[in-house]
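Colleague: below are the sequence and a predicted model for it; my questions follow.
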Amino acid sequence: MATLPSTGAHAPGKAYPHSIQVEPPRLVGGLVQHPLVSASTQITILRIVDDTGSATIGDIIAELPDHPDPVSAVLVMVELKILVIDSKVVLDVHAIVRRADPEPDPENQGGTPWSPSGGPDASGSAGSDFSNTAAAPIPDGLERLAVNPFSPNVVVGPGVTRRAFGRMPELRRPGVYMLINANHIYVGTGADVGLRVASGQQPIGDIETIVVITDANSTLTEEEAKAAERLLWSRVAGAHERVLVNGTPDGASIDVQRLSELEAVLGATCLALRHAGLLFTTGSARGVLAGPRQEPGRVAPLRPFNDIPDGTVLELNFGTGMVALASRQSDTHWLLLQGSDVRVDTVASANASTRYLRAAWLHAGLLEVAPDGRSLTTTRDLTFGSGSAVAQFCAGSKGRTLECWKPIAPEVGYDPDSAGFIAA
């Protein structure tokens, strides 16, 4: 990601940084607009394919001996849906290249059609195989590991230009945004984030700076953007540079790998904003990349082994032999105690926050898989705003109320060997 000159929100007269992504390939007037595909290259590749209805990658390489990267030229035409590649899993010289159908249906094409990302089925689902688009074939026995499918596209501008964001095609997709004034900041998301910024009525005035973040690969889904919104909100809250106008977003159901990929791309984005002097300017660059371990106030102070926490300790039994302990310190402050069981899966009725927190806390190491694999286990005391919120998180479903929590009889005491007590 480019290091941009300082353009602090309070520095009048300075230019704002532009989108930091290279222009993607386009098809204009029937000709590919890309440095690797000249008009002659395009015509030559199509002639080779049309001679017999298909050609191998090896055939095309042989016919373009002076081209610096004929394979990447083919992949550019695949990205523009001019060609398709029928292959098994690994792209090699034997892969078959042919013209794309007018409306290609990947389900009905022979082999595994290669996606614009360079790998099969790069649809954006968790665990997709994303390969380097411009990479040449590699020898047998080697493989390229899947890398982060997301590539951040960051566009910023002054508040008076907010309608211009709706006129940028690269922003007419799921993404997240920040509206910033002298003292406050609003973090939001939208399925069409450019339009959302241009026409939204967010509760913040005197906007000085707008930041919009999308995925240049157009891989980010609307649900993943909701998860990214909560991750970005957490980073802004942890930085303490502005007062957040909106409360904690709900997030969305997401798996740990996808959350880790989103965290990585947001780390790169926040570092670019730091270099531009817009946000995240305090602390170390390493801290900006890593981000906070968790949202402010969600992790309780360390508690010595087997110390009894303040408040009333209550027990929740659910599932098949699963037990959680919580300390009710007030009506609005509950601690889910270290060592409590958490159901691995959630049901459809569970709210978005319940599903999101599983991935977030597994990513942060605040949850881990129990030795028997039947549940997750908390590794620290975690805070919640109500007993029902704790119960829903542990059980992975709604319907658990305050009455589900049962007090541990004080006359029995807190025996760490008791089945009813989970040691810290």
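Modeller: Yep, it's here. Since this is a predicted model, take the numbers as computed values, not measurements.
Colleague: what sits up against stretch 312-325?
Modeller: Stretch 312-325 is contacted from outside by 326-328, 336-337, 339-343, 374-375, 387, 390-391, 394-395, 400, 404-408, 414, 419-422, using Cβ atoms under 8 Å, 6 or more residues apart in numbering. Glycine gets a C-beta too; all of them are placed from N, C-alpha and C.
Colleague: now that stretch - C-alpha only, PDB.
Modeller: Below are the C-alpha coordinates for stretch 312-325, written out as PDB (Å, rounded to 0.1, in the frame of the first residue of the first chain):
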ATOM      1  CA  THR A 312     -23.000 -13.300  43.100                       C
ATOM      2  CA  VAL A 313     -21.600 -16.400  41.300                       C
ATOM      3  CA  LEU A 314     -24.300 -18.100  39.200                       C
ATOM      4  CA  GLU A 315     -24.300 -21.400  37.200                       C
ATOM      5  CA  LEU A 316     -25.800 -22.100  33.800                       C
ATOM      6  CA  ASN A 317     -26.200 -25.700  32.600                       C
ATOM      7  CA  PHE A 318     -27.000 -26.300  28.900                       C
ATOM      8  CA  GLY A 319     -26.500 -28.700  26.100                       C
ATOM      9  CA  THR A 320     -25.100 -32.100  27.100                       C
ATOM     10  CA  GLY A 321     -23.100 -31.500  30.200                       C
ATOM     11  CA  MET A 322     -21.900 -28.000  29.400                       C
ATOM     12  CA  VAL A 323     -21.500 -25.600  32.300                       C
ATOM     13  CA  ALA A 324     -20.800 -21.900  32.500                       C
ATOM     14  CA  LEU A 325     -20.200 -19.700  35.500                       C
END
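Colleague: on that earlier part again, just the contacts of stretch 312-325: which are in strands?
Modeller: Secondary structure from DSSP state E places 326-328, 336, 341-342, 406-407 of those in strands.
Colleague: and the contacts of stretch 312-325, which of them are buried?
Modeller: With burial judged by 16 or more other Cβ atoms under 10 Å, the buried subset of those is 326-328, 336-337, 339-343, 375, 387, 390-391, 394-395, 400, 404-405, 408, 421-422.
Colleague: quick one, strands of the stretch 1-150 of the chain?
Modeller: Per DSSP state E, counting those that start in this stretch, the stretch 1-150 of the chain carries strands over the ranges 26-28, 31-33, 55-56, 83-87, 96-99, 112-113.
Colleague: could you spell out the sheet neighbours of the longest one, each with its direction?
Modeller: Right, strand 83-87. Sheet pairing of strand 83-87 (DSSP bridges) gives strand 96-99 (antiparallel), strand 112-113 (antiparallel).
Colleague: next structured bit after the helix or strand bottoming out on mean pLDDT in the chain?
Modeller: When the helices and strands of the chain are scored by mean pLDDT, DSSP states H and E, strand 112-113 comes last with a mean of 42. Using DSSP states H and E, the helix or strand that follows strand 112-113 towards the C-terminus is strand 152-158.
Colleague: can you list the helices and strands that that next one packs against?
Modeller: strand 209-215, helix 256-275 (3 or more Cβ pairs under 8 Å, 6 or more residues apart in numbering; DSSP states H and E).
Colleague: chain neighbours aside, what residue packs nearest to the most centrally placed residue in the chain?
Modeller: By Cα atoms, centre = their mean, the chain has its centre lying nearest to Leu262, at 2.5 Å. The shortest distance from Leu262 to any non-neighbouring residue, by Cβ to Cβ, 6 or more residues apart in numbering, is to Ala228 (5.1 Å).
Colleague: residues touching the one you found, list them.
Modeller: By Cβ under 8 Å, 6+ apart, the contact list for Ala228 reads 175-176, 189, 213, 220, 262, 266.
Colleague: just give me the closest of the residues you listed to Ala364.
Modeller: Leu262 (13.4 Å; Cβ to Cβ).
Colleague: Ser386 touches His333, doesn't it?
Modeller: No: using Cβ atoms under 8 Å, Ser386 is not in contact with His333, being 9.1 Å away.
Colleague: what about the stretch 51-200 of the chain, any weak spots by pLDDT?
Modeller: 87-89, 102-135 (pLDDT under 70).
Colleague: now with 90?
Modeller: Filtered on pLDDT under 90, the stretch 51-200 of the chain yields the residue ranges 51-58, 66, 68-69, 79, 81, 85-96, 100-140, 143-147, 199-200.
Colleague: for this structure, just list every one of the helices.
Modeller: Assigned by DSSP state H, the chain shows helices spanning 39-52, 57-63, 70-79, 193-199, 222-239, 256-275, 285-290, 352-364, 387-395.
Colleague: for the residue nearest to His333 when sequence neighbours are not counted, give the beta-bridge partners.
Modeller: Among residues not flanking His333 along the chain, Thr383 sits closest, at 6.8 Å (Cβ to Cβ, 6+ apart). Beta-bridge pairing for Thr383 (DSSP bridges): Leu335.
Colleague: ok, now how distant is Thr383 from Ser260?
Modeller: Thr383 is 23 Å from Ser260, where distance means Cβ to Cβ, to the nearest Å.
Colleague: neighbour count for those two, which is higher?
Modeller: Looking at Thr383 and Ser260 with other Cβ atoms under 10 Å, you find the greater number of neighbours at Thr383, namely 19 against 15.
Colleague: the more buried one: what's it in contact with?
Modeller: When contacts are counted by Cβ under 8 Å, 6+ apart, Thr383 touches 297-300, 333-336.
Colleague: in CSV, list these along with distance to Pro203 and pLDDT.
Modeller: Formatted as CSV, these follow (distance: Cβ to Cβ, whole Å; pLDDT from 0 to 100):
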residue, distance to Pro203, pLDDT
Gly297, 22, 88
Arg298, 24, 92
Val299, 29, 90
Ala300, 31, 90
His333, 27, 93
Trp334, 29, 94
Leu335, 32, 94
Leu336, 32, 94
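Colleague: Val154 against Ile210, yeah?
Modeller: No: using Cβ under 8 Å, Val154 is not in contact with Ile210, being 11.2 Å away.
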